[in-house]
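A.B. asks: Need coordinates for the below:
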Amino acid sequence: QVQLVESGGGLVQAGGSLRLSCAASGRTFSNYAMGWFRQAPGKEREFVAAISWHGRNTYYADSVKGRFTISRDNAKNTMYLQMNSLKPEDTAAYYCAQDRVGYGSGPAFPSQYAYWGQGTQVTVSS
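C.D. replies: Numbers count the residues shown, from 1 in each chain. Next up is the predicted model:
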């Protein structure tokens, strides 16, 4: 049984920072690419960032490039999302996800992920 648990969300002023964590269990964490997605009220879930199984490749949505950094610690079975220079439009529920297949590069589409966390809310005030 795979479990993904996000933490680290909260309320922050524009220009501030937050660090999200995603703790994984149930499959060999180091074998799978991981991703972060977000969903704002009334909008579809959108890709934020992804990281390959070994951590050497990372991918970002244009809207967060240069502000967010995805990373993973395979020894701790944990993925992170460092979010800097936050903007009100970053307000959303943030979800971590684990790839369906092993040894992937980090897909960008929700349908390519098999497991999801419950989400953590990030609210950025102006």
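
A.B. asks: Could you list which residues are in contact with Gly104?
C.D. replies: Tyr32, Ala33, Ser52, Trp53 (CB atoms under 8 Å, 6 or more residues apart in numbering). Where C-beta positions appear, they are placed from N, C-alpha and C, glycine not excepted.

A.B. asks: Identify the spatial nearest neighbour of the residue nearest the centre of the chain, chain neighbours not counted.
C.D. replies: Centrality entry for the chain: nearest residue to the mean C-alpha point is Trp36, 2.2 Å, by CA atoms, centre = their mean. Counting by CB to CB, 6 or more residues apart in numbering, Trp36 lies nearest to Val48, which is 4.3 Å off, once chain neighbours are set aside.

A.B. asks: any idea of the pLDDT on the one you found?
C.D. replies: For Val48, the pLDDT comes out at 98.

A.B. asks: Please report how far it lies from Val64.
C.D. replies: 6 Å (CB to CB, to the nearest Å).

A.B. asks: Comparing these two, which residue is more hemmed in?
C.D. replies: Counted by other CB atoms under 10 Å, Val48 and Val64 do not tie: Val48 has more neighbours, with 25 against 22.

A.B. asks: any chance you could map the strands in the chain?
C.D. replies: Secondary structure of the chain (DSSP state E): strands at 3-7, 10-13, 18-25, 32-39, 46-51, 58-60, 68-73, 78-83, 92-102, 113-116, 120-125.

A.B. asks: So which of those strands is the most surrounded?
C.D. replies: Of all the strands of the chain, strand 32-39 carries the top mean neighbour count, a mean of 24, counting by mean count of other CB atoms under 10 Å.

A.B. asks: how far off strand 18-25 does it point, in degrees?
C.D. replies: With axes from the mean of the first three to the mean of the last three CA atoms, to 10 degrees defining the directions, strand 32-39 sits at 130 degrees from strand 18-25.
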